[in-house]
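Q: From the sequence below, what's the structure:
(one chain, ligands or ions: 2)
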Amino acid sequence: MEEKGLGFIGAGNMAGAIVNGIVGTKTFPAQRIYVYDINREKCEALQKKAGIRTASSIEELVKNCGILFLAVKPQNFSEVLAAVKPFVNERILFVSIAAGISTGYITGELDCSCPVIRTMPNTPLLVGKGATAMCKTANVTDVDFQLVQSLFAACGTVTVLDESRMNAVISVNSSSPAYIYLFAKAMMDSAVGQGIDAKTALELICQTFEGSAAMLRQPDLTPEALIKMVSSPGGTTLKALDVFYEHHFEQMVDEAMKACTKRAEELGK
Ligand SMILES: NC(=O)C1=CN([C@@H]2O[C@H](COP(=O)(O)OP(=O)(O)OC[C@H]3O[C@@H](n4cnc5c(N)ncnc54)[C@H](OP(=O)(O)O)[C@@H]3O)[C@@H](O)[C@H]2O)C=CC1
Ligand SMILES: O=C(O)[C@@H]1CCC=N1
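A: Ligands and ions are numbered 1, 2, ... in the order given. Down below sits the predicted model:
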């Protein structure tokens, strides 16, 4: 009998990022990856791009797959789990990527104590630079947990967290690319307004983000120490920082991150 595959319910942005990462790095054979989406066009587009298979129904997906990725919006979870429920058994491992949806919600809706891994990835998976946080239910085997970790590690880093932190972490690694892009856009707009062409500004900003991230990773260098290193007394940086502090930048970031977590809690209800 053919070995069981990986099944994806949902062929959207995140499923595409994960599948392409897994296939591109040959972490799992493409011919054993199946995707099902109510949107047939997205399903076929992912099939063609990644060279994987499509399933024409959830029943067919479950028949072929021992691991099922739940890659739909949180708002679609109830309908998807209801559609999976008739075919479910305790040997199927579920991997959720949804914001706010707890492992308990999944097993409760399925009325089955299936093993569940709850993950929180991010879109930089698309370029092999993802950061994924994950937790698991107690009945996930070490072998399965290692396998799923390796699938995400194929396109980035993996961090294991307690489930109680899985809503808060969304604001740290999953929604946060959007805040970083907003910051980049604001810097670009200002640079253009000051006569630097957009392409040059973007390249300088990207290189500065990468360099700053590398500095943050240096042992013994705190964010505060790094800020001090840039800020010459009586110089330009302090003038810029004064404006950020006047506008309560840190408080604004805190409020934004807490709003993100609150929304995850609402989505999970
Ligand atoms: N985008 C991001 O940066 C991140 C997203 N996530 C999580 O990933 C999940 C997916 O997000 P994302 O990829 O952005 O969403 P998308 O909307 O791109 O993909 C979801 C896909 O699921 C399809 N779908 C909807 N209902 C069903 C159904 N009943 N059966 C099968 N397929 C269905 C949608 O079809 P249609 O378009 O026709 O509705 C769509 O193709 C979400 O739960 C989100 O919380 C996690 C981390 C980061
Ligand atoms: O905005 C969202 O709900 C999803 C979850 C994390 C990133 N995007």
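
Q: Downstream of the helix or strand where residue 210 lies, the next helix or strand is which one?
A: Using DSSP states H and E, residue 210 falls within helix 198-216. Counting by DSSP H and E, the element after helix 198-216 in chain order, helix or strand, is helix 223-230.

Q: what residues does the helix holding residue 210 touch?
A: Residues outside helix 198-216 that contact it (C-beta atoms under 8 Å, 6 or more residues apart in numbering) are 180, 184, 187, 188, 191, 192, 196, 221, 223, 226. Backbone N, C-alpha and C define where each C-beta goes, glycine included.

Q: What mean pLDDT does that helix get?
A: The average pLDDT within helix 198-216 is 98.

Q: still on that earlier bit, I'd like the contacts of helix 198-216 as a markdown table, with distance to ligand 1 and neighbour count appended.
A: Formatted as a markdown table, those follow (distance: C-beta to the nearest ligand atom, whole Å; neighbours: other C-beta atoms under 10 Å):
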| residue | distance to ligand 1 | neighbour count |
| --- | --- | --- |
| 180 | 12 | 11 |
| 184 | 16 | 16 |
| 187 | 22 | 16 |
| 188 | 21 | 17 |
| 191 | 26 | 17 |
| 192 | 27 | 14 |
| 196 | 30 | 14 |
| 221 | 29 | 12 |
| 223 | 25 | 10 |
| 226 | 28 | 14 |
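
Q: Which residue does the chain have closest to ligand 1?
A: residue 12 (1.8 Å; C-beta to the nearest ligand atom).

Q: still on that earlier bit, output the helix holding residue 210 in CSV with nothing but the alpha carbons.
A: The C-alpha trace of helix 198-216 is given here as CSV (Å, rounded to 0.1, in the frame of the first residue of the first chain):
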residue,chain,number,x,y,z
ALA,A,198,12.2,54.8,-4.3
LYS,A,199,14.4,51.9,-5.6
THR,A,200,17.5,53.2,-3.9
ALA,A,201,15.6,53.9,-0.7
LEU,A,202,14.0,50.4,-0.6
GLU,A,203,17.4,48.7,-1.1
LEU,A,204,19.0,50.8,1.7
ILE,A,205,16.1,50.1,4.0
CYS,A,206,16.1,46.3,3.4
GLN,A,207,19.9,46.1,3.9
THR,A,208,19.5,48.2,7.1
PHE,A,209,16.7,45.9,8.4
GLU,A,210,18.8,42.8,7.7
GLY,A,211,21.9,44.4,9.3
SER,A,212,20.0,45.6,12.3
ALA,A,213,18.5,42.1,12.8
ALA,A,214,22.0,40.6,12.7
MET,A,215,23.2,43.1,15.3
LEU,A,216,20.2,42.3,17.5
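
Q: re the thing from before, run a quick neighbour tally on the residue of the chain closest to ligand 1.
A: Neighbour count for residue 12, taken as other C-beta atoms under 10 Å: 15.

Q: Which pLDDT does the model give it?
A: Per-residue confidence (pLDDT) for residue 12: 95.
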